[in-house]
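Asks: got a predicted model here, sequence first, then my questions.
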Amino acid sequence: MKSLDDLLETIDRNNLQTVAVAQAADHEVLRAVKHALEINMARFLLVGDQDNIKLLAEEVGLDLSQSGVSVKSSAEGQFADEAVKAVREGEAHVVMKGHIDTKHLLKAVLNKQHGLRSNRVLSHVALFEVPNKDRLIFLTDSAMNIAPTLDEKAQIVRNVVEVANHAGWTLPKVAPLAAVEVVNLAMPATQDAAMLTQMNRRGQIKNCIIDGPLAFDNAVDLQAAKQKGINSEVAGAADILMVPTIEVANALYKSFIYFAGAKVAGVISGAKAPIVLTSRADSAQSKVYSLALALQSSK
């Protein structure tokens, strides 16, 4: 898979899933819904203020009377709860953030009695299409875990590997990043990377190949890896970049977009259903890509 458009082609259109959108009254969200319906990608349950949704739908040219889309009116303050409830009760398969604060949506997802909480760590999985690169690349975790422990890093890796497996990567190559490619006792990130590698080799983390620590250059560029004399299945060919802290991932995420002009799909993994948690500033096209990644993750 070399582009995010390729990801759209992998959707099973003979067995469409339903996406519950929490507070769908948002221009870009409704444009994404419109495009997704046009390419027969999913069905939608639009939760929110019915009058506002209808008004904005008219402005973006979305026909709410067509097959595959329905509107569920909800009181303000209940949008997230209603969308999560729809997934929990089997009415929908994926939760998508609309015009609502992230904290409100996650509060509903993590509710112990009525949410989608599992026994796993929640983590953000981003899939990038970087111009002039011959493959897509995953990045985790840029949104949820600030300074994860070794155990949390192992769960984060399992989350991203599960998403990658569902999206078509049979045995993705995972590079735990650090500032250097050797274990340094003064750098905890290098020690965690080495332990994740060993956990993978002993079967504690499955369905992937992990090798680290690797610095960013020798994780993504084969020539850089060769210059350092690194002999590894992962070096220069990483499918997944796993970072030590949220600051590293946040900087890489924004660098890919603002410096390299990358396209991105993003999903929260680790709950009982995928969560599309895009930024309000994200384009409708980016939201569609994220929907595709979430739909693949929910198979």
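Replies: Perfect, I can see it now. Predicted model, so just to flag it, every value in this text is computed and none were measured.

Asks: for residue 217, which non-adjacent residue is spatially closest?
Replies: residue 224 (4.2 Å; Cβ to Cβ, 6 or more residues apart in numbering). Using the backbone N, CA and C atoms, a C-beta is placed for each residue, glycine as well.

Asks: after the helix or strand hosting the one you found, next one along is what?
Replies: Assigned by DSSP states H and E, residue 224 belongs to helix 222-227. Moving toward the C-terminus from helix 222-227, the next helix or strand (DSSP H and E) is strand 240-242.

Asks: please name the strands paired to that next one in the sheet, noting orientation.
Replies: Counting by DSSP bridges, the strands paired with strand 240-242 are strand 137-140 (parallel), strand 173-176 (parallel).

Asks: so which of these is the most packed in?
Replies: Mean neighbour count (mean count of other Cβ atoms under 10 Å) peaks for strand 173-176 among the strands paired with strand 240-242, with a mean of 27.

Asks: can you dump the C-alpha coordinates of stretch 195-214 into PDB?
Replies: Extracted in PDB, the C-alpha atoms of stretch 195-214 (Å, rounded to 0.1, in the frame of the first residue of the first chain):
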ATOM      1  CA  MET A 195      13.500  -4.600  26.000                       C
ATOM      2  CA  LEU A 196      10.700  -4.300  23.500                       C
ATOM      3  CA  THR A 197      12.900  -6.000  20.900                       C
ATOM      4  CA  GLN A 198      13.600  -8.800  23.300                       C
ATOM      5  CA  MET A 199       9.900  -9.200  24.200                       C
ATOM      6  CA  ASN A 200       9.100  -9.500  20.500                       C
ATOM      7  CA  ARG A 201      11.800 -12.200  20.000                       C
ATOM      8  CA  ARG A 202      10.400 -14.200  22.900                       C
ATOM      9  CA  GLY A 203       6.800 -14.000  21.600                       C
ATOM     10  CA  GLN A 204       5.500 -11.500  24.200                       C
ATOM     11  CA  ILE A 205       4.600  -9.100  21.400                       C
ATOM     12  CA  LYS A 206       3.400 -10.900  18.300                       C
ATOM     13  CA  ASN A 207       2.500 -10.300  14.600                       C
ATOM     14  CA  CYS A 208       5.400  -7.900  14.000                       C
ATOM     15  CA  ILE A 209       9.100  -7.500  13.900                       C
ATOM     16  CA  ILE A 210      10.700  -5.100  16.400                       C
ATOM     17  CA  ASP A 211      14.300  -3.900  16.400                       C
ATOM     18  CA  GLY A 212      15.600  -1.000  18.400                       C
ATOM     19  CA  PRO A 213      16.800   1.300  19.600                       C
ATOM     20  CA  LEU A 214      17.000   3.100  16.200                       C
END
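
Asks: tell me the phi and psi of the nearest residue to residue 25 once chain neighbours are set aside?
Replies: In space, and not counting its chain neighbours, residue 25 is closest to residue 52: 3.9 Å by Cβ to Cβ, 6+ apart. With angles defined as degrees, to the nearest 10, residue 52 sits at phi -70, psi -40.

Asks: repeat for residue 84
Replies: phi -60, psi -40.

Asks: touching, it and residue 115? I think so.
Replies: Yes: contact criterion Cβ atoms under 8 Å: residue 84 and residue 115 qualify, at 5.8 Å.

Asks: any shared contact partners between the two?
Replies: Shared contacts of residue 84 and residue 115, defined by Cβ atoms under 8 Å, 6 or more residues apart in numbering, comprise 108-109.

Asks: of those two, which one has the most company?
Replies: residue 84 (29 against 20; other Cβ atoms under 10 Å).

Asks: how near is the more buried one to residue 233?
Replies: Using Cβ to Cβ, to the nearest Å, we find residue 84 at a distance of 40 Å from residue 233.

Asks: do you know how far residue 241 is from residue 47?
Replies: As judged by Cβ to Cβ, residue 241 and residue 47 stand 34 Å apart.

Asks: before we move on, the earlier item: look up how far residue 23 lies from the residue nearest to residue 25.
Replies: Between residue 52 and residue 23 the distance is 9 Å, computed by Cβ to Cβ.

Asks: one more: residue 295?
Replies: Distance of residue 295 to residue 23, given as Cβ to Cβ: 20 Å.
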